[in-house]
Structures are given as C-alpha cells and as structure tokens.
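Engineer: Generate a structure from the sequence data that follows.
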Amino acid sequence: MARFSIRPTLAALLLCSGLALAQGDFAHFTYGSGYQTTFTLVNMSTMDSANVNLFFYASDGTSLQADVQGVGPVTPYNFPIPAGGSKTVALVGDPAAANSTEGWAQMIVVDGYPEVRG
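Structural biologist: Numbering: from 1, shown residues only. Just a heads-up that it's a prediction; the model follows:
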C-alpha cells in the first residue's frame, strides 16, 4: 500500500513486513528536485530489538547510494530499532536539482526475531 501526496514533498507510507533474516521490498522512492520519500519502520516486538539494513537500488537494479537525511549518501543504511520502537528514514536531495533520483529499496532484518513493519 502506498500513499503519495501531491506537493513538492513526496511522502510515502509503504507497508513491508519481515522476520529475522527475512526481507521486504519498497517498490518505489523519489527524492531531490523538490521531492522527499520518508520510510517509517516499526518494530512490532515488545521483547526484541531489530537490526535493520536498508539497501537502495536505482530503477535499473544497480546499487544506489541514497541521500539519507542526517547521514548522507549510503547503501546499505544500517540501524537498530528498539523493542516497541520506530525509526523514520527520510531520503532527501537538492531541492534545486534539475532531476530527481528514483529507485527502490530492500529491507533486511539481520538478527533477532522481531517483526518489522513500515
């Protein structure tokens, strides 16, 4: 499920679930040239923390270093989500850029057994 607003900022609420060593795909993101994509990931477990990797790919499937707000260009972006917690990941870019960056992302929970949804 995806929701997009028609504003200079493109915000997406994408659903993805995964278990330990499982993965989920986010079908599309866009950032730069006045657009932004925001992922909000929630650890549904009240007992276990989740260690998450977000891998970013260009539309042609090649690896992409996405510009994560407050971090810079990365792939993958590695982060923990505490039990019952959440993490917001915003992809940003130069708002004055002539072209936006588009692609897709893959989430992998690398250890533990929590269910992560976005």
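
Engineer: residue closest to the middle of this structure?
Structural biologist: Among the residues of the chain, the one closest to the centroid is F39, at 4.6 Å (C-alpha atoms, centre = their mean).

Engineer: quick one: low-confidence parts of this protein?
Structural biologist: Low-confidence segments of the chain, defined by pLDDT under 70: 1-22, 112-114, 118.

Engineer: who does the longest strand along it touch, helix- and strand-wise?
Structural biologist: If you go by DSSP state E, the chain has its longest strand at strand 101-111. For strand 101-111, the packing partners by 3 or more C-beta pairs under 8 Å, 6 or more residues apart in numbering; DSSP states H and E come out as strand 17-18, strand 23-31, strand 50-58, strand 66-68. For every residue, glycine as well, the C-beta is placed using N, CA and C.

Engineer: returning to that earlier point: chain neighbours aside, what residue packs nearest to the residue nearest to the centre of the chain?
Structural biologist: Excluding the flanking residues, the one nearest F39 by C-beta to C-beta, 6 or more residues apart in numbering is V89, at 4.5 Å.
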